[in-house]
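Asks: Okay, sequence plus prediction incoming.
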Amino acid sequence: MKPRVQAKEIEVLQAADEQLVFLSQKHLLSLDLVEMKAVKKYFTQLGRNPTDCELETIAQTWSEHCVHRTFKALIDYQEIGCQWRKSEKVICLKEISQVTKRLNKRWCLSVFKDNAGVIAFTGEWAIAFKVETHNHPSALEPYGGAGTGIGGVIRDILGVGLGAKPILNTDVFCFGPLDFPPEELPEGVLHPRRIFKGVVSGVRDYGNRMGIPTANGSIIFDPGYVYNCLVFCGTLGLMPADKVFKEVKSGDLIVVAGGRTGRDGIHGATFSSASLKKDIPPSVVQIGHPIVEKKLLDVLLKARDLNLYRAITDCGAGGLSSAVGEMAKGLGAMVHLEKVPLKYPEMMPWEIWLSESQERMVLAVPPEKEKSLISLFHSEDVEATVIGQFENSGWLVLKYQGEIVGQLDLNFLHQGLPKRKLKAFFQVPESKSVFLENTDWKETVVQLLCDPVIASKEIVIRQYDHEVQGQTIIKPLSGVEQAGPSDAVVLKPLSDSLAGVVVSCGINPSYGQIDPYAMAGCCVEESIRNLVCVGGDPCRVALLDNFCWGNTADPELLGSLVRCVKGCRDFALAYGAPYISGKDSLNNFYRRPDGSAISIPGTLLISAVSVIPDVRKTCSSDLKRPGNYLYLCGETRDELGGSRYYHLFHCQGGKVPIPRPEESKRVMKKLYQAIRKRWVKACHDCSEGGFIVALSEMVLGGTWGAEVDLTKIPGDNGKVETCLFSESQGRFIVEVAQEHQEKFEELFHGLPVNMIGQVIPESTLTVRMAGKELFHLSLGEIARAWQGALSW
Amino acid sequence: MKKKDKWLVEVFYRPEVVDGQAEAIKKAIEEESITSLEKVSISLLYRFSGQLDRTIVTRIAKELLVDRISQLYRLGNPRRPGAWSVQVWYKLGVTDAAAETTKQAIFDLGLNGPVEVATGRCYFFWGNLNKSILTSIAQRVLANALIEDFQISSPWSQKK
């Protein structure tokens, strides 16, 4: 006879406050005392103790990862300037979501309520986009953590509406410096080089095996990420416009499909809500199986088109507890845990319920469709099993071998979390210029091109299949030798339409170390600017926000998060770009054995998606033809704070770049028109490293040379270092054929746009100031510096 | 109850084929300031248990595990004359995706008996090394102690 595996009762009714805190720590619940007291109160009203299943379900549902309790908290926020101080009450989530509400774009089809944001594409098709983080698992097991990061976000796309087909993956990583001294690492922390290789390999192997191109991203290196790396994985999906919404009905069967359930990933959601420290249990790490997910993907899209289910979601953080709990919202559900297919016998009921084993989806299937669905799944060698039923009871009831092992009021589960009240403050820095004594411009440019943040990421890009599915129009590397960087990726997802999708990103944590508000503005601007460079429409941009922050229990760090959120709100409104989805990953800090915490730099990733009517009217960044004119659009200012130039000289402070949306928008709209009229032969934005790095990258891509004069740069063009290295926003270097000069200049009349030089046939980049040569660089010198800095 | 047979199959590149992964591992070890290493080679390991005999395991190895153009296989404990070796296996309960796929592929070969599969890796090292250096290499480059176990064996001498 099989041994009976039963639920355990956990004593909370008689527990004093310190015992409640101990209980939370012992079971890795990541609930604070106020939350544990709410749990105690609920079960006191019921007159019984919770079972392990119930307590774990509450912890998962209330975890920072699942419910974003800090982003929903009421924050008493103070901003302190030199001679002023202002206070306000802020709810971060509201600040972000109000942007979308106020902009009220009719092409935003589904925002913030599903697994991904959805926008209209063509009449019959829609585009879904989601970016997730998988930071803690990647720090511990880089290959598995990153692989399951990409696997998880792919399932988000499969689980949005009635399911979308994944057509693009994006990846953005933040690592410690690759040359970090190993002897300075504490026990249990992996070296950044090992994390870098493992993470890239994980994303590569999962994405490539799934047959999805990985074609956009960025990599940042900073000592602040030595203890906690950041791994952002995104997926874009294509779905029929009539499959955007889902609805679970009472009586629908709960079907779990895909991989089997094991002990892997248990406590992933609550673990991601805690700090990293020594002695983490191995169960929090998941290992992915892309072949299983690929089979699941294929069969799900077939089932979707046959209308065999009414709703779908993925099993992510919190496993079945989160997936079924979410789907049962407003209804109720009865689950028979012994029916869940297991990898090995004798798992405890709470383990089955909480496991974050990968490659699983949960479907709501009308009973009359059960047979067809199960038979379709089996025909494709994918397991699908009925494990329960949704019912109009208001209760989530968990049974194991006939016995109730958990019974929770869904209203309490979803509404019972006590609202947090937090305090935060931010000291607004003084903005002062810093002067560096430097005149060796050539050497400085070479060193900047070697900066790992700026240098070519070709060794990573080439490991990804960015061509699979045959839809990639603008690829990650451009030019005759495919050597220059592209600003964004352009896809042509439909065989019978020229319509395209443009995807880009913006990230720069260095600015945030001076002012997170400016960083937010720059990230929003950069993501839109990158879209516009390749021909994206600046008036049709949807944004995704991903916040990764350190220890938000510290009011100062929380204050910097609030300041960043305010920047996200203000600049997205100013650019008219709504947020359609977002995610926050907090508590990215390492707890030293002495109790002190090392937090990551507050990091914001903005991902942007735009839709264009004709992929033929796009543009790459490589120089095309000698004789063509070079223009700089947008003003250059003394904004070197947080720049790579200052970083090179270990210089702190300075004026951080701040976008001017009104001016920027005017330039972007004109540029969009010029690209559509095909007057623009090449376009590249000025970002990290400033004007000179952008121009070097264009030279590298095109293999032609260029001659420019800095005195013609619009804005503060008196100082060489400002002209070369300032990271002022809203700037583009544009190549225009001689025959279009007049029309181009007429289009930009009244805007800060000047001709600064010309493309030349010699493979040399020559920089002059008032006609006098400052320095020149050969194509070989640029290539050696830019392409040789990162090694595998 | 019938006794379960256990078999270990080792798959490795032919000597004339460049093993890129072994080269990458050598470089990663050298980046850890370990300079006494002369050569690295890697074998993939498959451990089978179930109702199997040598004929069946040989068929699995030949038809499923080996790319016959570039690879070779052998049954039994992996070893190389004069080389230290480090075997790395997943800890119990950690998902072994390659093993699951192998199991499915064995079924697709028409072999229906219950078979358990585990996959691992064996690294061979030549050079002026000792157990403490190998432990450091295993911890820093080869295995992640959170999900994997490793086992170090000292150099093996071939009897003449």
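Replies: Yep, it's here.
Asks: switch to C-alpha atoms for all contacts and neighbour counts from now on
Replies: Will do.
Asks: Tell me where chain B has helices.
Replies: Here chain B has its helices, by DSSP state H, at B:20-31, B:54-60, B:97-108, B:131-137.
Asks: Quick check: which of those helices is nearest to A:Ala328?
Replies: Closest of the helices of chain B to A:Ala328 is helix B:97-108, at 31.4 Å (criterion: C-alpha to C-alpha).
Asks: So which residues on chain B come close to chain A?
Replies: B:Gly93, B:Val94, B:Thr95, B:Asp96, B:Ala97, B:Arg140, B:Val141, B:Asn144, B:Leu146, B:Ile147 (C-alpha under 8 Å from any C-alpha of the partner chain).
Asks: which non-adjacent residue is nearest A:Val189?
Replies: Nearest non-adjacent residue to A:Val189, counting by C-alpha to C-alpha, 6 or more residues apart in numbering or on different chains: A:Tyr227, 6.5 Å away.
Asks: Can you name the residues that contact that neighbour?
Replies: A:Tyr227 is in contact with A:Ala139, A:Gly176, A:Val189, A:Phe589, A:Tyr590, A:Ile598, A:Ile600, counting by C-alpha atoms under 8 Å, 6 or more residues apart in numbering or on different chains.
Asks: And the second one, what's its pLDDT?
Replies: For A:Gly176, the pLDDT comes out at 96.
Asks: Show the backbone phi and psi for it.
Replies: phi -70, psi 170 (degrees, to the nearest 10).
Asks: Which residue, other than its chain neighbours, is closest to it?
Replies: Counting by C-alpha to C-alpha, 6+ apart, A:Val226 is the residue found nearest to A:Gly176 once chain neighbours are left out, at 4.1 Å.
Asks: who's in contact with the one you found?
Replies: Neighbours of A:Val226 in contact, by C-alpha under 8 Å, 6+ apart: A:Phe175, A:Gly176, A:Pro177, A:His191, A:Pro192.
Asks: From the residues you listed, pick the one nearest A:Asp487.
Replies: Comparing the contacts of A:Val226 against A:Asp487 with C-alpha to C-alpha places A:Phe175 closest, at 21.4 Å.
Asks: which residues of chain B fall in strands?
Replies: Using DSSP state E, the strands assigned to chain B run over residues B:5-13, B:37-50, B:71-75, B:84-90, B:115-127, B:148-153.
Asks: quick one: low-confidence parts of the chain?
Replies: Went with chain A since none was named. Along chain A, segments meeting pLDDT under 70 span A:1-5, A:265, A:267-284.
Asks: switch to chain B, that's the one I care about
Replies: Applying pLDDT under 70 to chain B flags residues B:1-4, B:158-160.
Asks: one step back: among the contacts of A:Tyr227, which lie within strands?
Replies: A:Phe589, A:Tyr590, A:Ile598.
Asks: State which helix of chain A is the longest.
Replies: The longest helix of chain A (DSSP H) is helix A:555-575.
Asks: After that one, which helix or strand is next?
Replies: strand A:579-585 (DSSP states H and E).
Asks: Enumerate the residues of the stretch 601-750 of chain A near chain B.
Replies: Counting by C-alpha under 8 Å from any C-alpha, no residue of the stretch 601-750 of chain A is near chain B.
Asks: Looking at the stretch 601-750 of chain A, what residue ends up closest to chain B?
Replies: Proximity of the stretch 601-750 of chain A to chain B (C-alpha to the nearest C-alpha) peaks at A:Leu648, 24.2 Å away.
Asks: Let me have the contacts of A:Val226 in a markdown table, adding neighbour count as columns.
Replies: Conversion of those to a markdown table gives the following (neighbours: other C-alpha atoms under 10 Å in any protein chain shown):
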| residue | neighbour count |
| --- | --- |
| A:Phe175 | 25 |
| A:Gly176 | 22 |
| A:Pro177 | 20 |
| A:His191 | 26 |
| A:Pro192 | 27 |
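Asks: quick check, nearest of the residues you listed to chain B?
Replies: A:His191 (8.1 Å).
Asks: List the residues that contact the closest one.
Replies: Per C-alpha under 8 Å, 6+ apart, neighbours of A:His191: A:Leu178, A:Phe180, A:Pro182, A:Leu185, A:Val226.
Asks: The second one - that's part of a strand, no?
Replies: No: counting by DSSP: H, G, I helix; E, B strand; the rest coil, A:Phe180 falls outside a strand, being coil.
Asks: By neighbours, which of the contacts of A:Tyr227 wins?
Replies: When neighbours are counted by other C-alpha atoms under 10 Å in any protein chain shown, A:Ala139 leads the contacts of A:Tyr227 with 30 neighbours.
Asks: that older thread, which entries within the contacts of A:His191 meet the buried criterion?
Replies: For the contacts of A:His191, a burial check counting by 16 or more other C-alpha atoms under 10 Å in any protein chain shown picks out A:Leu178, A:Val226.
Asks: so which two of the contacts of A:His191 are the farthest from each other?
Replies: Farthest pair in those, by C-alpha to C-alpha: A:Leu178 and A:Leu185, 12.6 Å.
Asks: follow-up on the earlier one: apart from its chain neighbours, what residue comes closest to the residue of the stretch 601-750 of chain A closest to chain B?
Replies: If the residues on either side of it in the chain are set aside, A:Leu648 comes closest to A:Leu448, at 7.3 Å by C-alpha to C-alpha, 6+ apart.
Asks: same thing with B:Asp53?
Replies: With C-alpha to C-alpha, 6+ apart, the residue lying closest to B:Asp53 is B:Asp5, at 7.4 Å.
Asks: could you pull out the strands for the stretch 501-650 of chain A?
Replies: With strands called from DSSP state E, counting those that start in this stretch, the stretch 501-650 of chain A shows them at A:541-548, A:579-585, A:589-591, A:597-599, A:603-612, A:629-633.
Asks: Now the ones you listed in a markdown table, please, with extra columns for distance to A:Gly788.
Replies: A markdown table is the format used below for the strands of the stretch 501-650 of chain A (distance: least, C-alpha to C-alpha, whole Å):
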| stretch | distance to A:Gly788 |
| --- | --- |
| strand A:541-548 | 30 |
| strand A:579-585 | 33 |
| strand A:589-591 | 32 |
| strand A:597-599 | 31 |
| strand A:603-612 | 27 |
| strand A:629-633 | 27 |
